[in-house]
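**Student:** compute the structure for the input listed below.
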Amino acid sequence: MSKKAIIIIGIAVIIFMAAIGGGFYMLWSKMAQMNVAGTETVATEEGAEGEEEPDTIGPMYSLDSFVVNLAEAGGNRYLRVTMELELTDEVLHTELDQRLPQVRNAMLMILPSKKAEDINTVDGKLALRDQLIDEINSFMTTGEVTNIYFTEFVIQ
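**Tutor:** This is a model prediction of the structure:
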């Protein structure tokens, strides 16, 4: 073999070894990062042991589905929404049963006033939820609605 061939093979072997070394270095550093992240997660979980349990969900009150036209030009779009109301106390069930016409009226006044682009985003849905909670709580006397969960939300 000639000297040129030996030099070319030697350079190829050196480049190959450098590539393998670089690959091992990258793999090693990724594993070290994952190990540090795992240690932080374990430390966070151990620190959480002394804290209280997360809040439990309150009593729920199911509402029937609402189908309303949205405030669009031409009235082509509609909203179908089903909700669950989270209550502060089980006693509020009886008051909601008595005030169901008021609750449905509040829903039917607020929902059709919305445009699709207003409630299409997460922020829009959160704003709608807050508005509905405020309106329902305005006529409740024995407790309040703490949250509304949309179990169905279809804009057509």
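**Student:** who's in contact with the residue nearest to Thr141 when sequence neighbours are not counted?
**Tutor:** Of all residues not flanking Thr141 in the chain, Glu95 sits nearest, at 6.8 Å (Cβ to Cβ, 6 or more residues apart in numbering). Placement of C-beta: from N, CA and C, glycine included. Residues in contact with Glu95 (Cβ atoms under 8 Å, 6 or more residues apart in numbering) are Met140, Thr141, Thr142, Gly143.
**Student:** got a pLDDT number for Glu95?
**Tutor:** Predicted confidence (pLDDT) at Glu95: the value is 91.
**Student:** in a helix, it, correct?
**Tutor:** Yes: assignment of Glu95 by DSSP: H, G, I helix; E, B strand; the rest coil places it within a helix.
**Student:** how close does it sit to Asn137?
**Tutor:** Distance of Glu95 to Asn137, given as Cβ to Cβ, to the nearest Å: 11 Å.
**Student:** quick check: buried residues in the helix or strand containing Asp118?
**Tutor:** Taking DSSP states H and E as the criterion, Asp118 maps to helix 116-119. For helix 116-119, the neighbour count (16 or more other Cβ atoms under 10 Å) marks Ala116, Ile119 as buried.
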